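Visitor: Here's my sequence, what's the structure:
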Amino acid sequence: MRKSASERAVEEYDSIPPIEAYEPYAPFEGDEEAIEERLWPYEEAAPTPGKLPITHWSHSSLMAYLRNPLAWYKRYVERVYDMPTTPSSIIGRAGHIALQHFYGGISKEGAIDLGMEYLQSVPDFEINFGVAKTKAAKKKKRAAMEQEYLQAINFYLARPPKHDVVDIEVKATANVEGFALPLKAVSDLVVRSKVDKEALDIIDHKFVDSFSAHKQNKTLFVMQALFNYYTVSHTYKKPVRRFILQECKKTKNRDGKAQMRKYVIEYEKCAGEFELFRRLVNDATADLARRKVFLPNPSDMFEGENSFDIYRLGLG
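Guide: Numbering: from 1, shown residues only. Sure, this is the predicted structure:
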């Protein structure tokens, strides 16, 4: 009987010798005060909120709260996850799983198989098929998703960026001075920095339909980078120099240009963004502490209709 991708991956992992790169760094022994003065330029104390319905902020949680408070409340407070996921998001998650295993040390083929195994395991009721309503139409859509995934991940792995990997899929929470709530983030890769051997960089993979017009200056990227900065620096007690986004365009470029683009956010150049981030997070916390009603946002392209239906029923 042919072994599954998971079974083959386990065998590959078992054959990989342990390497120093996966060991956590020792605490930083440099000038910690200088680093904090440069990268934590905050003197004011964070606001003291009242009783809050959450224990931390994450990038996705904060963006959801700003976009649609009622949809946020349903997901992050009531923990109701009833909204189907877009095919694009599922393909992106499959790509992340493949890269997680590839940078963990298994072969390209094994990593691709594991991403495909995830994609095929997602049940129909969790997928937003759009206009595809019949069984045949959904089957055709799933086949197209598999093809798009294979194309995208092969674009990425044709010439995969090389990293000195420290850790993979790092989930961490940090209590940071100046913030009223802890910060939580997931970092795709934590690697040794190529610009400072004593420091770390954070790598983020993105599978996209089109490249970002604002590149590294996109506000959404900067906000994500700061969540990751605090959690990684807290976890490893090392200076963190850069947040590197690797965008992979899922559809083939007709002009033959590269399918990959790299954007670099240098934390040492983000003093203003750090201060703005602290203010935004604490203002959101203060707003949440005062909020008595969670309102819908009908213009929200993701959950506008659903949030307004909840509001119409008086459940908000």
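
Visitor: And the strands in this protein, which stretches?
Guide: For the chain, the strands defined by DSSP state E cover 57-58, 165-174, 183-192, 200-208, 240-249, 260-266.

Visitor: Among those, single out whichever gets nearest to residue 304.
Guide: Distance to residue 304, taken as C-beta to C-beta, is lowest for strand 57-58 among those, at 21.7 Å. To be clear about C-beta, it is placed using only N, CA and C from the backbone, and glycine gets the same treatment.

Visitor: Run me through the strand neighbours of the closest one, direction for each.
Guide: Here strand 57-58 has these sheet partners by DSSP bridges: strand 183-192 (parallel).

Visitor: Residues in contact with the partner strand: which ones?
Guide: With contacts defined as C-beta atoms under 8 Å, 6 or more residues apart in numbering, strand 183-192 is touched by 21, 56-59, 96, 99-100, 103, 163-174, 176, 199-205, 224, 227-228, 230-232, 236, 281.

Visitor: Could you do stretch 249-262 as well?
Guide: With C-beta under 8 Å, 6+ apart, stretch 249-262 has contacts from 91, 148, 151-152, 155-156, 158-159, 161, 207-212, 215, 244-248.

Visitor: Check which residues of that stretch are buried.
Guide: For stretch 249-262, a neighbour-count test (16 or more other C-beta atoms under 10 Å) marks 249, 250, 259, 260, 261 as buried.

Visitor: And those residues, which two are furthest apart?
Guide: It's 250 and 261 that sit farthest apart of the buried residues of stretch 249-262, by C-beta to C-beta, at 12.9 Å.

Visitor: What ranges in the stretch 1-150 of the chain fall below the confidence cut-off?
Guide: Applying pLDDT under 70 to the stretch 1-150 of the chain flags the ranges 1-50.

Visitor: change it to 90
Guide: In the predicted model of the stretch 1-150 of the chain, residues 1-51, 81-83 satisfy pLDDT under 90.

Visitor: quick one, helices of it?
Guide: For the stretch 1-150 of the chain, the helices defined by DSSP state H, counting those that start in this stretch cover 5-15, 32-39, 59-67, 69-72, 87-104, 108-121, 135-158.

Visitor: Columns distance to residue 180 and mean neighbour count on top of the ones you listed, output as CSV?
Guide: Output for these, formatted as CSV (distance: least, C-beta to C-beta, whole Å; neighbours: other C-beta atoms under 10 Å):
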stretch, distance to residue 180, mean neighbour count
helix 5-15, 41, 14
helix 32-39, 19, 13
helix 59-67, 13, 18
helix 69-72, 17, 22
helix 87-104, 30, 21
helix 108-121, 36, 19
helix 135-158, 38, 16
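
Visitor: Quick one: closest of those helices to residue 309.
Guide: The nearest among the helices of the stretch 1-150 of the chain, by C-beta to C-beta, is helix 69-72 at 10.1 Å.

Visitor: Alpha carbons of the closest one, as PDB, please.
Guide: C-alpha atoms of helix 69-72 as PDB (Å, rounded to 0.1, in the frame of the first residue of the first chain):
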ATOM      1  CA  PRO A  69     -16.700  45.200  15.500                       C
ATOM      2  CA  LEU A  70     -19.600  42.800  15.500                       C
ATOM      3  CA  ALA A  71     -17.900  40.200  13.200                       C
ATOM      4  CA  TRP A  72     -14.900  40.600  15.500                       C
END
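
Visitor: Make residue 1 into 55 and carry on from there
Guide: Happy to do that; since the first residue is 55 now, the last one works out to helix 123-126.

Visitor: what's it in contact with?
Guide: Against helix 123-126 from outside (C-beta under 8 Å, 6+ apart): 115, 118-119, 345, 348-351, 354, 356-357, 360-361, 364-365, 370.

Visitor: Quick check on those residues: which are buried?
Guide: The buried subset of these - by 16+ other C-beta under 10 Å - is 115, 118-119, 348, 350-351, 354, 357, 360-361, 364-365, 370.

Visitor: okay if I get those as a markdown table plus distance to residue 191?
Guide: Converted to a markdown table, the buried ones among the contacts of helix 123-126 look like this (distance: C-beta to C-beta, whole Å):
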| residue | distance to residue 191 |
| --- | --- |
| 115 | 34 |
| 118 | 30 |
| 119 | 35 |
| 348 | 36 |
| 350 | 30 |
| 351 | 30 |
| 354 | 26 |
| 357 | 24 |
| 360 | 22 |
| 361 | 27 |
| 364 | 29 |
| 365 | 32 |
| 370 | 34 |
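
Visitor: quick one: which two of these are the most distant?
Guide: Using C-beta to C-beta, the two most remote members of those are 115 and 365, lying 20.1 Å apart.

Visitor: quick one: pLDDT of residue 359?
Guide: pLDDT recorded at residue 359 is 79.

Visitor: and the residue lying closest to residue 149 once chain neighbours are set aside, what pLDDT?
Guide: Among residues not flanking residue 149 along the chain, residue 261 sits closest, at 4.7 Å (C-beta to C-beta, 6 or more residues apart in numbering). Per-residue pLDDT puts residue 261 at 96.
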